[in-house]
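**Q** Fold the following and give me the result.
(chains A and B)
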Amino acid sequence: MVNHVTRDMELRQRAWDAAAQVVDPEIPVLTIADLGVLRDVSVHDGEIEVAITPTYSGCPAMNMIAVEIEVALERAGFRKPMVRTVLSPAWTTDWMSDDGRRKLKEYGIAPPQAGSGRRALFGVEQVACPQCGSTDTETLSEFGSTSCKALWRCKSCREPFDYFKCH
Amino acid sequence: MTVASITVSETPLVLYALRRADDALILGHRLSEWCGHAPMLEEDMALANMGLDLLGQARELYAYAAKVEGKDNTEDTFAYLRDVRQYRNLLLVEQQNGDFARTMVRQFFYSAFADLYWRTMMTSRDATLAAIAAKSEKESAYHLRHSSEWMVRLGDGTEESHRRAQIAIDDLWAFTGEMFSVDDSERGLVDAGIAVDPETLRPQWLKIVSGVLAEATLARPANDWMQKGGRIGHHTEHLGHLLSELQSMQRSFPGATW
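**A** The predicted structure follows:
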């Protein structure tokens, strides 16, 4: 019995490590573990089930991520892994790891920051430019190149940049 | 070659999910029609992004309807293989895009409702609907803010933008009442704590809409005669045209995948 439990825990850890390596196809510096999209890995009779949660309802990367997880697990020796999508609790940028935030910034995307009023019109947010660090920045569009990003511009270095929206 | 429409066992919960799924799919499709045509690149992306959010919400709701129905229907057959009279969306969302002001007024009226609706639905006793609500609420908040800001820019902008926004408001106003109606099929779900009684959301909706319109120097229409029928499949002539495009591939090449 104890051996059985230990084996399941080892399997789960191995499967988690394999799944956690999968990257977001649209932001390839972030793994799904960094993003908080990887929610759970469980073992049922030696079979692996991975639970992921979408960032936005219509995020087209989710299908791709599910396929990538299956491939990663099969490569790690797991047969017929299952990938399940869970909606609750709803994903939030609060789940993004500190490591993930750092990697985003280094990649040129301003990481999400808390405290922005979602319902205030023409709301003012202070987002630092990921290139030069200036906070003299402005929104160009609340909707950017992917569902999770907005388009901003730095008025100091004049570079446009993506901002990972707080969600 | 064409393929026949499916039949759906519209039990109250299946119908409830389908109605909300149809709202999201049809409005999302309307927004997707702007792709490549919006007045500027940033807005092109915004409209496509909002359309994508709505498509995602529709998929979750269709998948749930399919699960509750427990037959062979799937999210795809619901979307592609129902005829216009089987669609259950609000008349508001199927109205044509018109000019940019009309698209934004439609989005504003719907988002002001959807934002309240999904936030309230987060406490639904139906766990799946509550989970879908928790995701949709975040997206609706963005859509409402975006369309509200455009109301102000257009209304309080130039004479021409003000004129067009007011025309759109006056034309679409009669389609807003349907959002708050409840029929017998939904009454039972409301009583069971699964659904929200939308009538309870109306005062707040009116307050939000009135506030934004006032800031935008636009007038809220006084008439309260409201058009309805979408929830039972009586649509305006625009939906059939929309579906003919949305469904043409699956109707012509049944089961086509790529």
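**Q** In the helix ranked longest in chain A, which residues are buried?
**A** Under DSSP state H, the helix in chain A containing the largest number of residues is helix A:2-20. Within helix A:2-20, the residues scored as buried using 16 or more other CB atoms under 10 Å in any protein chain shown are A:11, A:14-16, A:18-20. Any C-beta I mention is one placed from the backbone N, CA and C, and that applies to glycine too.
**Q** what's the closest of those residues to B:Gly233?
**A** Nearest to B:Gly233 among the buried residues of helix A:2-20 is A:Ala19, at 44.1 Å by CB to CB.
**Q** show me the contacts for the closest one.
**A** By CB atoms under 8 Å, 6 or more residues apart in numbering or on different chains, the residues touching A:Ala19 are A:32-33, A:38, A:41, A:50, A:69, A:72-73.
**Q** List the residues that contact residue 112.
**A** I'll assume chain A. Each residue near A:Pro112 by CB under 8 Å, 6+ apart is listed here: A:93, A:96, A:101, A:163-167.
**Q** nope, chain B please
**A** Contacts of B:Ala112 (CB under 8 Å, 6+ apart): B:144, B:148, B:205, B:208-209, B:212.
**Q** A:Phe143 now?
**A** A:150-151, B:42, B:45-46, B:48-50, B:146.
**Q** re the thing from before, let's have the contacts of B:Ala112 in a markdown table, adding neighbour count and distance to chain A.
**A** A markdown table is the format used below for the contacts of B:Ala112 (neighbours: other CB atoms under 10 Å in any protein chain shown; distance: CB to the nearest CB, whole Å):
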| residue | neighbour count | distance to chain A |
| --- | --- | --- |
| B:Leu144 | 24 | 7 |
| B:Ser148 | 27 | 5 |
| B:Trp205 | 19 | 14 |
| B:Ile208 | 19 | 9 |
| B:Val209 | 20 | 13 |
| B:Val212 | 22 | 8 |
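**Q** Out of the residues you listed, flag the one nearest to A:Glu138.
**A** Closest to A:Glu138, out of all of the contacts of B:Ala112 and judged by CB to CB, is B:Ser148, at 19.1 Å.
**Q** quick one: the helix or strand where that closest one lies to chain centroid distance?
**A** Take DSSP states H and E as the rule and B:Ser148 turns out to sit in helix B:127-155. Put simply, helix B:127-155 sits 11 Å off its chain's centre (CA atoms, centre = their mean, to the nearest Å).
**Q** got it, and stretch A:137-150?
**A** Distance, centroid of stretch A:137-150 to centroid of chain: 17 Å (CA atoms, centre = their mean).
**Q** what about the closest residue to B:Ala219 other than its chain neighbours, which helix or strand?
**A** Spatial nearest neighbour of B:Ala219, chain neighbours left out: B:Gln166 (6.6 Å); criterion: CB to CB, 6 or more residues apart in numbering or on different chains. Per DSSP H and E: B:Gln166 is located in helix B:159-172.
**Q** Give me the buried positions along that helix.
**A** B:161-162, B:164-166, B:168-169, B:172.
**Q** what does it contact?
**A** In this structure, residues lying in contact with helix B:159-172 by CB under 8 Å, 6+ apart are B:92, B:95, B:98-99, B:101-102, B:104-106, B:109, B:151, B:153-156, B:213, B:216-221.
**Q** Give me the contacts around stretch B:44-54.
**A** Here stretch B:44-54 has contacts from A:56-60, A:141-145, A:147, A:151, B:24-25, B:27-32, B:34-38, B:103, B:107, B:136, B:139, B:142-143, B:146, using CB under 8 Å, 6+ apart.
**Q** Next step: those restricted to helices.
**A** Filtering these for helices - DSSP H - leaves B:24-25, B:27-32, B:103, B:107, B:136, B:139, B:142-143, B:146.
**Q** Out of the residues you listed, who's the most crowded?
**A** Of all those, B:Ser136 has the most neighbours under the rule other CB atoms under 10 Å in any protein chain shown, reaching 30 neighbours.
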